[in-house]
Structure formats: C-alpha cells, structure tokens
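Peer 1: Fold the stuff below for me.
(one chain, ligands or ions: 2)
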Amino acid sequence: MMTKREEFFNWIVYQIYPRSFYDTNGDGIGDLNGIKEKIPHLKSLGINAVWLCPCYKSPNNDNGYDVSDYRDIMEDFGTFSDWKRLQKALKKDGIKLIMDLVFNHTSSQHKWFQEAKTSQSSPYHEYYIWRKNPPNDWKSVFGGSAWAYNESTDEYYLHSFDETQPDLNWENPKVRQEAAKIVDFWVKLGVDGFRCDVLDFISKDFKKDKMFQGPRLHEYIRELFDRDGVRDIFTVGECQADKKNTLLLCGKNRGELKTAFQFDHINLGRIDKYLPRPFSFDEIKSVLVKWQKFSQKHDLIYPLFTDNHDQPYYISRLGNDKAHRYACATAYATTFYLLRGVPFLYQGQEYGAANPYYTKIEDFRDVETKRYYAEQKKSKPRHQLMQEINYASRDNSRRPFAWTKDERTNFGFSAATPWIPCNSRAKEINLEKDLESERSVFRYFQTLLAFRKGSLAIRQGSFQDRTKRRRGCFLYERKWKRERLLIVCNFDKKQKIKLPKNRKFLFGNYPEAKEEFLPFQAAVYEL
Ligand code: GLC
Ligand code: CA
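Peer 2: Ligands and ions are numbered 1, 2, ... in the order given. Reported below is the predicted structural model:
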C-alpha cells in the first residue's frame, strides 16, 4: 500500500491561468465554463491535477491575487455553481483540483480592509499592519515604498505588493483563525490541495532588510495546516527557500507543507528581473542535481517546473524559441519531468508557446509592468525600456491560449476582443498548427507523461547524476528495483555523447541518435 504522501508522486499538475485559457460567453475573458469545456484536452495531454490560479471575487488589480471575498467566485469567471460544476466534472475524470490561497494580503476592496481603514477602533483595524510612521524603508515587490498613507487614521499600512494589496497582520490570532476557516471551507467542498501564494511573507521582522521569512513563519503554517481533516491535503508553497528552510517547510514530519516551489533554476541567466546575463546550461544542471540529491536524501517532494504565470517562457529566456523551438521545448520537458518529484506544467507549454514582442506599453496589462514603465520612462530610452519589458514582463505567459489557427476568433480563444492582446506569434505558434506538424510538441508531451505514469522508476525510483565531463549535456539515471532508465539531454551544439553499451532506446524528441546528439536532442533509454 502506498502512503498518502507517496501517492503525490503520481500527480502531474497542470496550472491554469483562467483569464487566458478559454472564453465561453463572449466577453473576451477566459472563464470556469471554458475550463470545463477543455477537460478533454487536459485528459488527452495526460495530466491528473489542475492548479487553478485565483478565481475568487476580486477587483483584479493583480488579476485575482487581490481577493475581496475568499468564499465567492469572480464574476468575470462565472458563478459559484459554475465552480461546483467544474469541480464535479474534473472529479469525474479523475483530475484533482488545487486552489490558490492568497493569504499574505487581501484586496483593499475586501470588507475587512474597508472597515479597518476607517478607524483605529474598528474590530478589523488589527487585521492589517499599521504604523504611525514607516519603521523601515522596505520596497514593495512591484516598486515604490511598501508603506502607504491612510488619511482617515493618519497612519501607514504595509503592502508588500501593490498598494491595493494590504498585508494581513498574522500576529493577530483572529487573522489566523479566519485563514483556517477559509481553508476548512474549501476542504469541506472537496478540493484536493492548495498552492499558497507568497507564503513565506506572512511572518515579518521589521528590523530586517528582507520582508519575508520572519521568526514565526513555521508556527503559522503549522497552525494553518497541521490540523485534523487538513493534515493530509496537498500543499505547495511559493517560497524562496534555501536548503535549511526547505527542510523546515517541507520536512516529512514537520506538519507544514508537502512541497515548496523554489526558484534557483528560474533565477539563472539574469542579473535582475530585467537584465539578462550570459549563462550556460550547466548552471541549470548543477541546480537540478543539487536539489535532486538533497530532496532524495531527505525524502522530500520536489516540484518540477520551468514555467508559470509570473515568468517569461523558459524556452525563450534560457533556450531557443526560434530555430529549435520544438526541440528546446521537448528537451526541457524531458529533462525536468522525468526527475524525482511532482511535475507542474503551465498552460501553453504543451504546444511550445513562446514569448511575444510588442512595441507599445498599451499592449501590456500587468500592474507590475505598468508600474515599472511609469517609473523608468523618464530615465531610459524608450526602445531600451520596451526591450526590458518584453524580456521580463509577466504578461509574456499571460496571453490567451492559442487553440487554433483562426485569427478571427483570436486563435480559438474568444470571438470578442480578448482582455489582453493575443500572443504576437500566435499565427506561427498555436495548438492546431502544432498538431498538424510532424514534430508536435503536444504529441511528445503525451508520450512523455504517459511514460512517466507507467514507470515506477520515474515515480518512485532513485536519482543519480551520470553526466561525465562533457559540457552542455545532462545524463541521469532513475532506478527502481530492476527497472533502470537513462535520460540523456543535449543542450549544446551537435556533439558525441558516450553511452553505456547495453542500452535500449525507448523514445526521444528525435529518432535515435547514431553517433552524435543534435542540439536539444533528448532521449530515454532502458539499461
Ligand atoms: C505571487 C503570485 C503573483 C502575485 C503575487 C502577489 O508571486 O504568483 O502573480 O502578483 O504573488 O500576490
Ligand atoms: Ca468569459
């Protein structure tokens, strides 16, 4: 019998950004019914869990990461009944549902804040973080001071993100109880797990430079999740954790999280968010090997991902999304999704979606991007600023899913004008065209995910780095009892890679390599 925890290794999670997935009522905004209609697509891809980005009531300043009611559904996305129907339909097809919990802050439109800001004697005042004067010079993640002035109480409140996202005061036990009640609400409705937004921000030390990972973080997380009826649920935190903190957050008997996204492999290849630097694939390999060894040693569940709604596409930033787009998308998928852990795919990856390019700021919607533009436009030449934005904006991966070749329906997303312009490369890169191609990213993903599901070595087995001195490639072995697999990925120029003699080619993104591996060629062998 598999334990509950071991079963998580069977999950293959697909992240949906509902606004940009599929519109069914012709308002240019993706909706919950749209997700329901596309369940056959998810099934045929081979995933078995969905992480739904926030779909709660929200004024949408940060596309739902500013919640104004944690127990209701955003009107743009549908109704509560639509949500229930979606949940039921997913369940029927054996697809788990992970909801996004945004607990570091609420929307300033949340009734708690609406009350809190009116007077210090409001019972909700202490739900947020107030100071007569800013006690430090913390900067908001989106730019500018993290402290905003509130006239009616003549105080400042803390917002780690946008001004419209005031931070909750987790030191107040009432806030912690509210959060626990919200968790219980969704657990009772039968959801299978939670992705916890910027969870490591909930405890703060106002004397420190960094705004996150304060002294009471672990205590708060345990209070939230280490409870009867909740303890066994899947949880993945968004945390910037090093090894030590990962053990505290995700250690087997800690009662905190099942796993936590960490960003070492994402933060490569750039000096800061907007400034690239030269990088080599070997850096990615080292990061992966380090975390594979570490999570294996401590039997941690490691989240395997390259993309999400906050990042430009991985193949665009750290690969080749032009001549080698098919090979690069499939090579990264092979590298990441056959490692030890739980795969997370982001919508669009399955047809090799890549970064678009725009020359006007009006084509962007992201609050962070717009803020950055406004801040920098006085001091930087326009073309340079637009280049930075195209390189880094979160809108890169938030463009409507391109289902078809049909431009008139915005590539099958919606007959109405979409809330954000379609990907400028959607004519060339869309699911329909991908499926017509001889080398289809989607079909490769199908093969890859089906293989993962069928292989104990991949789901339960051990990991071992088998790369020899050679640069730009990654060879690793997965092993379970007598099943031994070798995964080989070349991220460099065409090159010879020495392989063990007794091997059987199972599949790859190209036909079996004879002598040399092509750029971005990936292959799976049985040993
Ligand atoms: C997380 C989300 C991001 C959001 C931020 C504030 O990083 O992934 O989209 O803007 O938190 O909630
Ligand atoms: Ca809609």
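Peer 1: Give me the local confidence score for the residue in the stretch 201-350 of the chain that ligand 2 sits nearest to.
Peer 2: Here the stretch 201-350 of the chain gets closest to ligand 2 at one residue, residue 347, 15.9 Å apart by C-beta to the ion. All C-beta spots, glycine's among them, are computed from the backbone N, C-alpha and C. Looking at residue 347, its pLDDT stands at 98.
Peer 1: what number of residues lie near it?
Peer 2: 27 (other C-beta atoms under 10 Å).
Peer 1: What of the one 5 residues further on?
Peer 2: With neighbours defined by other C-beta under 10 Å, the count for residue 352 comes to 28.
Peer 1: re earlier: which residues are in contact with the residue of the stretch 201-350 of the chain closest to ligand 2?
Peer 2: 14, 15, 16, 17, 20, 21, 401 (C-beta atoms under 8 Å, 6 or more residues apart in numbering).
Peer 1: try it again with 10 Å
Peer 2: For residue 347, the contact set (C-beta atoms under 10 Å, 6 or more residues apart in numbering) comprises 14-18, 20-22, 30, 38, 41-42, 50, 53, 307-309, 353, 397-398, 401.
Peer 1: for residue 439, same thing?
Peer 2: So residue 439 contacts 325, 326, 327, 330, 352, 509, 510 (C-beta under 10 Å, 6+ apart).
Peer 1: Three-state assignment for the closest residue to the third one other than its chain neighbours, please.
Peer 2: Take residue 327 and drop its neighbours on the chain: the residue closest to it by C-beta to C-beta, 6 or more residues apart in numbering is residue 520, 3.5 Å away. Secondary structure of residue 520, reduced to three states by DSSP: H, G, I helix; E, B strand; the rest coil: coil.
Peer 1: Which pair of the contacts of residue 439 spans the longest distance?
Peer 2: 352 and 510 (15.0 Å; C-beta to C-beta).
Peer 1: sorry, back to before: out of the contacts of residue 439, which comes closest to ligand 1?
Peer 2: Proximity of those to ligand 1 (C-beta to the nearest ligand atom) peaks at residue 352, which lies at 22.9 Å.
Peer 1: what number of residues lie near residue 128?
Peer 2: Using other C-beta under 10 Å, residue 128 has 25 other residues around it.
Peer 1: Which residues does it form beta bridges with?
Peer 2: Judged by DSSP bridges, the bridge partners of residue 128 are residue 168.
Peer 1: again with residue 489
Peer 2: Beta-bridge partners, per DSSP bridges, of residue 489: residue 474, residue 522.
Peer 1: so is residue 241 in a helix, a strand, or just coil?
Peer 2: Judged by three-state DSSP, the three-state class of residue 241 is coil.
Peer 1: Distance-wise, check it relative to residue 249.
Peer 2: According to C-beta to C-beta, to the nearest Å, residue 241 stands 6 Å off from residue 249.
Peer 1: Next, show the common contact partners of the two.
Peer 2: Joint contacts of residue 241 and residue 249 (C-beta under 10 Å, 6+ apart) are 199, 200, 213, 257, 260, 262.
Peer 1: No further questions, thank you.
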